[in-house]
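# need a 3D model of the following:
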Amino acid sequence: MSENRSTHVTSQGGSVREQLSAFFALRHTNPALFWQRSLFWTFWFHMAFFAVGYGFREVMPILSLICLVMYYRYSWKESVLRTLPVKPLFASLWVMMFIGVAFSIDPWESFLEVGSSFNKGLILPFIAMECVKSLKDLKRLVAALVISFFWVGLSGIWQAITGFDFPMGYPTHAGRLTAAIGDYCVGNYLSLVLIPALGVWFIFRERFTFKKSLVLLCVVLAPGLFTLYGAAARSGLVALMAAAFVWWALVMRFWRWKVLVPAVLVLGLAGLLFFHDTSGRMSVQAFQDNGRWDLWDFALAILRNWPIFGAGADMYNTAFRSLGLVPTKDLITIEHPHNLYLDILCSSGLVGASFGFFFLFGMLWWLGRRLLPRLRAIADHFGENAAQEAQGSDADIPGRTSAYWQITGLFGLGYLAWLVNGVTGHEFYRMWWLAQAMQGLGAIVMGERCEKEEGSEKS
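Numbers count the residues shown, from 1 in each chain. Model prediction:
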């Protein structure tokens, strides 16, 4: 165990050039560490600058994949994937996608849809799970999300002032902010990023007083919250409210009040949107007139006509057109039913959806079983020994400190928020949602492994 820990210790001194030279020297002296660190930093930059453009989102996962393959080559026995207890869940996901291609009304088009999602989403959970080897790694991933939330927020502020975002130059869409993403789905993106990014609160609290931590939290989150408000994304708002409620109800168990800063922040934003709604999107009439009702009816019609294996991945538009259906509030070119679960049913039918839902909710059950007992125990003894933990000799080992599990809990909560967001979201194969949701999986496995190894050492 000590040998494994030492391989992840990096030099704190020397110039940048010296540190880079030492890093590249690892390629010959310790190739497993070299490729694992390369994997981490390519993934870190992907997370921090995800919104910078489509080309960036296409290329960075491929670079990470190369690093991942090389890491497996040199250190497969130490990998998270080798000991991952939920491999059947991932297998069921791939079975669902196979059904969506093999039984499609246009198999080639479905294959292209699934294949195009490979580098943008399907490989990212496996990349993410190998990145966290220390508490410092987990904090760095939080920092990447905070950076993304902050700079995308600034992009939205610039867009609100000038009419065009910086640096991409996108205009607003129907009066709603789109920021660097180029669409008002930036509200959904920011909502899902915000939840694990709130882990910075626990990082601040290790070093600063409550008041200073609160001020710093407001400073780093203010631009993103402004853009989130300006995007007026109702699906993202509902996901945030659900996440805040679950954290309060299941972790804090209602009566706890000391860690309600994230919940108060989210509920305050919700109140602002609902009670200061200038766009009319939050009105009862807006919900009644929403085009999703037609789109959901179309999805059910598709399921009735292709009930066993579905119409195929990305066949929603082709299928409802073949049935003579025409949307009354959306363009005839609409490609998804604005519902993750109906999209899976349309794409893979009842058989494929059973595998897909086994993955989605099986993962949620697995995360809940491992996270809730630890988070509740931490909440019951909130604040005790926090300073000692931060300074202890094992402070950087996954699973040894409350900060580790609290931050990991927020990553897991992000997965739940993605499931809630999917009720009114777009489609399953908009895979960056899944990538955002699955980032904490490897962190949970590493924490459990360290706890088990500690127990075996003591025995």
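
# all the helices of the stretch 351-459 of the chain, residue numbers only.
Taking DSSP state H, counting those that start in this stretch as the criterion, the stretch 351-459 of the chain carries its helices at 386-391, 402-421, 432-437, 441-458.

# could you tell me the least trusted of these?
Ranked by mean pLDDT, the helices of the stretch 351-459 of the chain bottom out at helix 386-391, which scores a mean of 48.

# how far does stretch 216-225 sit from its chain's centre?
Relative to its chain's centre, stretch 216-225 lies at 19 Å (CA atoms, centre = their mean, to the nearest Å).

# buried ones in that stretch?
216, 217, 220, 221, 223, 224, 225 (16 or more other CB atoms under 10 Å). Where C-beta positions appear, they are placed from N, C-alpha and C, glycine not excepted.

# just the CA coordinates for that stretch, please, in PDB.
This file holds the C-alpha atoms of stretch 216-225, laid out as PDB (Å, rounded to 0.1, in the frame of the first residue of the first chain):
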ATOM      1  CA  LEU A 216     -15.300  33.200  -1.600                       C
ATOM      2  CA  LEU A 217     -18.100  30.900  -2.600                       C
ATOM      3  CA  CYS A 218     -20.300  33.800  -3.700                       C
ATOM      4  CA  VAL A 219     -17.400  35.300  -5.700                       C
ATOM      5  CA  VAL A 220     -16.500  32.200  -7.700                       C
ATOM      6  CA  LEU A 221     -20.100  31.200  -8.400                       C
ATOM      7  CA  ALA A 222     -21.700  34.600  -9.100                       C
ATOM      8  CA  PRO A 223     -20.900  34.800 -12.900                       C
ATOM      9  CA  GLY A 224     -22.200  31.300 -13.500                       C
ATOM     10  CA  LEU A 225     -25.300  31.900 -11.500                       C
END
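
# averaged pLDDT, it. What do you get?
Stretch 216-225 shows a mean pLDDT of 94.

# try stretch 98-110
Stretch 98-110 comes out at a mean pLDDT of 94.

# residues making contact with that stretch?
Under the contact criterion CB atoms under 8 Å, 6 or more residues apart in numbering, stretch 98-110 has outside partners 111, 114, 306, 308-315, 318-319, 322, 347-349, 351-352, 355.

# in PyMOL, how would I select the buried members of the residues you listed?
One line in PyMOL is enough to select the buried ones among those; burial here means 16+ other CB under 10 Å:
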select buried, resi 111+114+306+309+310+311+312+313+314+315+318+319+347+348+349+351+352+355
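
# let's see which of the contacts of stretch 98-110 end up in helices.
Using DSSP state H, 111, 114, 318, 319, 322, 347, 348, 349, 351, 352, 355 are the members of the contacts of stretch 98-110 that sit in helices.

# closest one of the residues you listed to residue 149?
Nearest to residue 149 among these: residue 114, at 29.9 Å, using CB to CB.

# my read: the closest one touches residue 429, true?
Yes. Under the criterion of CB atoms under 8 Å, residue 114 makes contact with residue 429 at 7.0 Å.

# list residues touching both of those two?
Common neighbours of residue 114 and residue 429, counting by CB under 8 Å, 6+ apart, are residue 313.

# what's residue 171 sitting at in phi/psi?
phi -80, psi 170 (degrees, to the nearest 10).

# list the contacts of it.
With contact taken as CB under 8 Å, 6+ apart, residue 171 is in contact with 159, 163, 164, 178.

# among these, which ones are buried?
The neighbour count (16+ other CB under 10 Å) marks 159, 178 as buried among the contacts of residue 171.

# farthest pair within the contacts of residue 171?
Within the contacts of residue 171, two members stand farthest from each other by CB to CB: 163 and 178, at 11.1 Å.

# pull up the overlap in contacts between these two.
171, 172.

# give the residue spans of the protein that score low on pLDDT.
In the predicted model, the chain carries pLDDT under 70 at residues 1-14, 252-291, 381-400, 430-442, 449-459.

# list the contacts of the closest residue to residue 49 other than its chain neighbours.
Nearest residue to residue 49, sequence neighbours excluded (CB to CB, 6 or more residues apart in numbering): residue 56, at 6.4 Å. If a contact means CB under 8 Å, 6+ apart, then residue 56 has 46, 49, 50 as its contacts.

# from those, which land in helices?
Short answer: the contacts of residue 56 in helices (DSSP H) are residue 46.

# out of the contacts of residue 56, who's nearest residue 84?
The shortest approach to residue 84 among the contacts of residue 56 belongs to residue 46, at 21.4 Å (CB to CB).

# would you agree residue 328 falls within a helix?
No. Counting by DSSP: H, G, I helix; E, B strand; the rest coil, residue 328 is not part of a helix but coil.

# and for the nearest residue to it once chain neighbours are set aside, the neighbour number?
Using CB to CB, 6+ apart and skipping residues adjacent in sequence, the residue nearest residue 328 is residue 294, 5.8 Å away. Neighbours of residue 294 under the rule other CB atoms under 10 Å: 19.

# ok, now residue 405?
Residues lying near residue 405 (other CB under 10 Å) number 24.

# look up how far residue 371 lies from it.
Residue 405 sits at a distance of 7 Å from residue 371 (criterion: CB to CB, to the nearest Å).

# where's residue 223 relative to residue 179, distance?
10 Å.

# shared neighbours, those two?
With CB under 8 Å, 6+ apart as the test, residue 223 and residue 179 both reach 152, 153, 156.
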